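Provide a 3D model corresponding to the input given below.
(chains A, B, C and D, ligands or ions: 2)
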Amino acid sequence: MLRNNRVVLGVIGADVHAVGNKILEMVLKEAGFQVINLGVMVSQEEFINAAVESDAGAIWVSSLYGHGEIDCRGLREKCREAGIGEILLYVGGNLVVGKRTFDEVEKLFKEMGYDRIYPPGTLPEVAIAHLKEDLSS
Amino acid sequence: MLRNNRVVLGVIGADVHAVGNKILEMVLKEAGFQVINLGVMVSQEEFINAAVESDAGAIWVSSLYGHGEIDCRGLREKCREAGIGEILLYVGGNLVVGKRTFDEVEKLFKEMGYDRIYPPGTLPEVAIAHLKEDLSS
Amino acid sequence: MNPKEELQNRRWDDSRFVAERGAVLTQWPTGVEVDLADAFAFHRALPESKRAYHKLRMGYEKDYIFLQPRAGVALLSEHLILLAKLEEEGRADFLPTTIDSYTRQNRYEEAQKGIKESKLAGRSLLNGFPAVNYGVANCRKIVEAAGVPVQIRHGTPDARLLAEITLAAGFSDFEGGGISYNIPYARDIPLDLSISHWQYVDRLCGAYAENDIIINREMFGPLTGTLVPPCISHAIGIIEALLAAEQGVKSITIGYGQGGNLVQDTAALRSLARLGRTYLERAGFGDVLLTTVFHQWMGGFPQDEARAMGVIAWGAATAALGGVNKVIAKTPHEALGIPTARANIAGLLCTRQVISMLEAQKSLQAEGLEEEEAIIEREVGEIISRVLELGEGDLARGVVRSFEAGVLDIPFAPSSWTRGSVIPVRDQDGAIRILRFGGLPFSPETRGFHRSRVEQRGRSEKREPGFRMVIDDIYAISKGRLVGKPR
Amino acid sequence: MNPKEELQNRRWDDSRFVAERGAVLTQWPTGVEVDLADAFAFHRALPESKRAYHKLRMGYEKDYIFLQPRAGVALLSEHLILLAKLEEEGRADFLPTTIDSYTRQNRYEEAQKGIKESKLAGRSLLNGFPAVNYGVANCRKIVEAAGVPVQIRHGTPDARLLAEITLAAGFSDFEGGGISYNIPYARDIPLDLSISHWQYVDRLCGAYAENDIIINREMFGPLTGTLVPPCISHAIGIIEALLAAEQGVKSITIGYGQGGNLVQDTAALRSLARLGRTYLERAGFGDVLLTTVFHQWMGGFPQDEARAMGVIAWGAATAALGGVNKVIAKTPHEALGIPTARANIAGLLCTRQVISMLEAQKSLQAEGLEEEEAIIEREVGEIISRVLELGEGDLARGVVRSFEAGVLDIPFAPSSWTRGSVIPVRDQDGAIRILRFGGLPFSPETRGFHRSRVEQRGRSEKREPGFRMVIDDIYAISKGRLVGKPR
Ligand code: B12
Ligand code: B12
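Numbers count the residues shown, from 1 in each chain, chains lettered A, B, ... in the order given. Ligands and ions are numbered 1, 2, ... in the order given. The predicted structure follows:
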């Protein structure tokens, strides 16, 4: 982890689940990252603007409320358009409506261009380890 | 219900579940039947002897503990040998080991020659209605 | 908010209501379907068993605990099937229609897209039922098909159009309030605006009531569902009840979300009913039917379904022992996603089993209960007095100023209109206490009480109470405990 | 019973034990496999984590509540798979090996047939594991594979050979007693015979103890599992503990089956531990480790799995609030049949979730608890004194005479060796009281207490307490209530 240990963080769409977001911010900071936390109800544009402005290494998208499938589609494309096509995109939470197998969900979001997809209940520590790995490789 | 409103009652095999048996006795009596209650741990021979002696119209076999499949097999044949081949044979309780569909269980016990088979939790009233019907037809 | 009108806790003039109504009903094409005369006639034709107020009153008198699930899917046809199952197999006493999150944010175009994509995908891509898009005639199919009252449950800061459409469709129960459906559910909607919008909703219900159709209004007690101290949710619920009553609402339910500690929860339920009634009476609303609702644990759930059933059952036991008029049941799928009908039914039946097994034991009196009730009552008293002071006698104004001052504050909320400086934490027994008071207007005694409880835990865990402890508490139930363990 | 020896509560002479042992070990071919020296060596080589006594003592000191399922199938290979799942996924603290009903009646030929038919059918046709038929070497595979202590659970009036084989195989915990494994589990085995057979088992455990291998002996508290008043199961459990201690047993667990009323159950659990310890100490057995076990509701369960989970969770809550060393968990399949591994795991995880959520609340003190404890203690005192009187100082003789006289009596039992004239019924709060006393040696105060409680219910239900009411109570929990409703 050399350069851009800056992470843009937010909960996408019309989603207001704030608790996990507050915890992620804290734990990322504790782990030495710079965090740009956009809070809840964040649009794709807000994510990208923040990432461009801060020259972030990664965007962490949360979606808890079930509309993740609709809300998250197209973010990778917009990143490319904004010239940050290579930025790391992580996504986690309760990504789809209803209880579905995580394999299905992972496939869906991989296809949308997300680098790492986390099932409900993932502890932040797990993803932070991945982030360190991905940023230094 | 004209003649033989006498019912032989008991829990078959090595089964000691006594609570249902006590209730069945009481409710049958209340409904006007004569009850020969053999209690628990009743062998096939004991059932048949009691039925022959009392000239009973029906035998009610309970099996709760899961060995019903082994214990109940052959009772109809023994009835025939004893000259009471036409006696009504009802069976109820938790007839097999484990949780299986009642359809399967019913088929199994029909093939063994039981006239009526009851799933777990049957209220006595239901079977008493059947018994009245069967005895008067 | 209409800039001409300053926020006040005063019954709206008809002229103001009528003027605003015109704008509301044109927010989306289905608004034209609303016809009050027709709506009243529809409600009047409904049997009492399908009207929330009548059923609540009956249960209240008989001391019966009703059960209600949460449920809502994108497509009407599927929603009807779902509700039928919950009523027949789950024996729900009240049915819900939970609204999707786009509608909650008045994003009707996106909701429309969600309906379309759901039809294509053959499964619901929305997290609730988009009632506004469906309109009055379609929504009536829900009320007609149900055998019990149906309530709209959502989380909408501006629910004016939603209320118009669904009440006209015969729904007789409507959840939400200007505080409880803003601060936990939005990022930057000004509080005076949401309160004004909810005055509209309450005035609409008042108009129904004046036509002898009593709509029940339920306040959303759990707020963020995460370690909310009872005094905060009680104060807010009671304030919302007072605001609603002022607009002419005649049937109000105030709520509380399970904390997990039996003594605290019992005290909370008992004090909620008592305080609610006292404040309403004092304000001259003794004719309002006030009932209470209990939410099984609203924070993060364990993923394992059997463990989730344990949490659900403990909530049921608490409801039965604490005493309440209605329970909103959770499901074993809570941690994972919108539940299937099956999971929802499981939550209901498990809850019913426990509540009816404990019915005979509701007189259980635990040691420390009275003390706990007294504390909650004192705290609520301290908060509400200060709110009224800040409002210079006007409750609505007081609320806005109190949120600015941190006198009212909701922990972990997404809204920029709450300070977020109150930080709760569990004590050693698992009761929710306050670690940082922010601007809460507490007396030294109240502060001392919280401090001593929190310190006691700190000593027993040999660590300084702080944010780590709070995070441990947030995760605790999902990890199988009540009090978060040091890692 | 050996006709030469009269039943007495006196430690057996070695000569008697050795003589009888010869006959026991030849009851079935596998008896020859038993070699005590080899058995002791095997036990000694086991880590403490796999030896019941050590684990129980650790839990007892740390105030930890252990969980244990019931499980046993006909075939060893499947039994091993089943236990592995219960340990890994269900996190069982103690594993069981539940024995089939033929073995329980010493019908080893039929058990053999059951093994054969099960192999043919590809599924278990026996309701448990036929340990005697499998013999020592095979049974050791169970102990070797497990990571925790394994207990034999059964219901065998004459368990001498079963004990010989399974203890030699390394099982370190053995359930049963001369009363609790006869009266509820047999039709016409004389009580003096079963007590004598269990003196043998206890003496065998004593022999192990003398070689520093402490086997835990657990008494079967729930008896018929159906409305058993705590005083009856407590008296019997304590008597069985005293009989076992006399034969040299050094680790004893006494049990109690949930009644359903929280106050009564809490009082029962607390008084059980206290009374047990008092009686043991008084008899000079202060060195025995006495622990308690709680059985979730042992009577008829609801068929619906979600409702069953509610019953299970309420049992868990009771265990946590009442305090106990171990819980035997039920499963959501209870009403239907032997549970699958999955169902068994669900019961365990639900129980664990509730117990650990309530751990922080175990100091809960309910009103009326002390009174209830005092009543149980008085009743147990009245029963045991009379038993000793009838035995002219000898407890074993006293037990036999007491059952004859109805001084000891177990409701709803199948055995002709109990009178069956005690009839229990629930009171208005759901606590189990006594409607007909039979020969119970109760003082006028005790009788008066029960009568007044039962009459109170009669008045509130406007019906004469009688057998109808009892039947309603028997069905109640399976129908979703605690107190049976008039139909
Ligand atoms: C509390 C809660 C609420 C509160 C939220 C308060 C607030 N403003 O924050 C309230 C009551 C307001 C609420 C509302 C709603 N909720 Co809600 N809510 C929950 C609940 C119970 C807990 C969420 C929580 O705080 N967990 C604790 C935190 C610490 O965990 P977390 O949020 O999961 O976040 C952690 C991890 O997921 C991970 N993580 C998250 N994002 C990311 C991203 C990355 C990159 C990584 C690495 C990790 C990661 O790290 C976080 C920290 O550990 C969950 C169910 C559950 N989990 O038990 C439902 C749940 C999320 N809600 C749900 C729904 C549907 C709603 C509503 C639409 C309506 C409703 N049914 O009530 C509204 C939505 C409003 C909106 N517009 O968003 C559903 C979502 C369904 C789905 N996805 O299929 C859930 C799953 C419940 C359910 N089963 O129905 N909810
Ligand atoms: C109480 C109980 C016990 C008590 C019994 C006390 C006694 N001596 O009576 C004790 C603890 C001793 C016990 C022991 C055992 N039990 Co048990 N027991 C139960 C339990 C919990 C309740 C039974 C009961 O009393 N119900 C109340 C009465 C009123 O209902 P009922 O017995 O079902 O009878 C009614 C109906 O079935 C019907 N009925 C019954 N027979 C008939 C016949 C006819 C013709 C008709 C019309 C109707 C009818 O009418 C009755 C009255 O309403 C059941 C599970 C459940 N149902 O919840 C398990 C259960 C029956 N037991 C079971 C087992 C396996 C055992 C044991 C082998 C070991 C064990 N696992 O503990 C031993 C067996 C000992 C033996 N040799 O028989 C299993 C059987 C499994 C299977 N069939 O697959 C069950 C289902 C539990 C389970 N899921 O594992 N048990």
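
What's the local residue count around the residue in chain A that ligand 2 sits nearest to?
Per Cβ to the nearest ligand atom, A:Lys99 is where chain A lies closest to ligand 2, at 27.9 Å. For the C-beta atoms, the positions are set from N, CA and C on the backbone; glycine is no exception. A:Lys99: 20 surrounding residues under other Cβ atoms under 10 Å in any protein chain shown.

Sticking with C:Ala37, tell me its helix or strand.
Assigned by DSSP states H and E, C:Ala37 belongs to helix C:36-45.

quick one: that helix to chain centroid distance?
Relative to the chain's own centre, helix C:36-45 is displaced by 27 Å; criterion: Cα atoms, centre = their mean, to the nearest Å.

Give the buried residues for that helix.
C:Ala39, C:Phe40, C:Phe42, C:His43 (16 or more other Cβ atoms under 10 Å in any protein chain shown).

what residues does chain A put near chain C?
Contact residues (Cβ under 8 Å from any Cβ of the partner chain) of chain A with chain C: A:13-19, A:22-23, A:26, A:39-41, A:65-67, A:69-70, A:94, A:96-100, A:120-121.

if I look at the closest residue to ligand 1 within the stretch 301-450 of chain C, how far off is chain D?
Closest residue of the stretch 301-450 of chain C to ligand 1, Cβ to the nearest ligand atom: C:Gly337 (3.2 Å). Noted for C:Gly337: a distance of 19 Å to chain D, by Cβ to the nearest Cβ, to the nearest Å.

Would you mind listing where the stretch 351-487 of chain C has pLDDT under the threshold?
Across the stretch 351-487 of chain C, nothing is flagged by pLDDT under 70.

Up against chain A, what does it have?
Proximity of the stretch 351-487 of chain C to chain A (Cβ under 8 Å from any Cβ) is limited to residues C:Phe412, C:Ala413, C:Pro414, C:Phe467, C:Ile471, C:Ile474, C:Ser478.

ok, for the fourth one, nearest residue in space, not its chain neighbours?
Taking Cβ to Cβ, 6 or more residues apart in numbering or on different chains, and ignoring the residues beside it in sequence, C:Phe467 has A:Met26 as its nearest neighbour in space, at 6.7 Å.

now the strands for the chain?
Reading this off chain A. Under the criterion DSSP state E, strands of chain A are mapped to A:6-11, A:34-37, A:58-63, A:88-93, A:116-118.

I was thinking of chain C, sorry if that wasn't clear
Secondary structure of chain C by DSSP E: the strands cover C:66-68, C:95-98, C:150-153, C:173-175, C:216-218, C:251-257, C:289-295, C:326-328, C:423-426, C:432-436.

Which of those strands sits closest to ligand 1?
Comparing those against ligand 1 with Cβ to the nearest ligand atom, the closest turns out to be strand C:95-98 (5.4 Å).

Can you tell me the strand partners of that closest one and which way each runs?
strand C:150-153 (parallel) (DSSP bridges).

Return the distance of the strand it pairs with from the chain's centre.
Mean C-alpha position of strand C:150-153 versus that of the full chain (Cα atoms, centre = their mean) differs by 11 Å.

Check whether that strand comes near ligand 1.
No. Using Cβ under 6 Å from any ligand atom, we find that strand C:150-153 stays clear of ligand 1, coming within 7.1 Å at best.

Isn't the residue of chain A closest to ligand 2 up against C:Leu336?
Yes. Using Cβ atoms under 8 Å, A:Lys99 is in contact with C:Leu336, at 4.3 Å.

Provide a list of residues in contact with the residue in chain A that chain D sits nearest to.
The minimum distance from chain A to chain D, using Cβ to the nearest Cβ, falls at A:Gly121 (14.8 Å). Applying Cβ atoms under 8 Å, 6 or more residues apart in numbering or on different chains, we find A:Gly121 in contact with C:Gly300, C:Gln303, C:Ala335, C:Ser478.

what number of residues lie near the first one?
Meaning C:Gly300. C:Gly300 has 20 nearby residues by other Cβ under 10 Å.

same check, this time on the third one
Counted by other Cβ under 10 Å, the residues lying close to C:Ala335 total 21.

With C:Arg107 instead?
17.

now the one 3 residues further on
Around C:Glu110 there are 21 other residues, counting by other Cβ under 10 Å.

I'd guessed it sits against C:Ser101; true?
No. Counting by Cβ under 8 Å, C:Glu110 stays clear of C:Ser101, with 9.1 Å between them.

Need the residues touching each of these two.
A:Ala14.

ok so, going back, include mean pLDDT when you put the strands of chain A into CSV, please.
As requested, the strands of chain A are exported to CSV (pLDDT from 0 to 100):
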stretch, mean pLDDT
strand A:6-11, 97
strand A:34-37, 97
strand A:58-63, 98
strand A:88-93, 97
strand A:116-118, 97
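
any chance of these in JSON lines, with mean neighbour count and distance to ligand 1 too?
Below are these laid out as JSON lines (neighbours: other Cβ atoms under 10 Å in any protein chain shown; distance: least, Cβ to the nearest ligand atom, whole Å):
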{"stretch": "strand A:6-11", "mean neighbour count": "25", "distance to ligand 1": "7"}
{"stretch": "strand A:34-37", "mean neighbour count": "18", "distance to ligand 1": "12"}
{"stretch": "strand A:58-63", "mean neighbour count": "26", "distance to ligand 1": "3"}
{"stretch": "strand A:88-93", "mean neighbour count": "22", "distance to ligand 1": "3"}
{"stretch": "strand A:116-118", "mean neighbour count": "21", "distance to ligand 1": "4"}
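
For these, please prepare TSV with the additional fields distance to ligand 2.
Compiled in TSV, the strands of chain A are given as follows (distance: least, Cβ to the nearest ligand atom, whole Å):
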stretch	distance to ligand 2
strand A:6-11	46
strand A:34-37	52
strand A:58-63	42
strand A:88-93	39
strand A:116-118	39
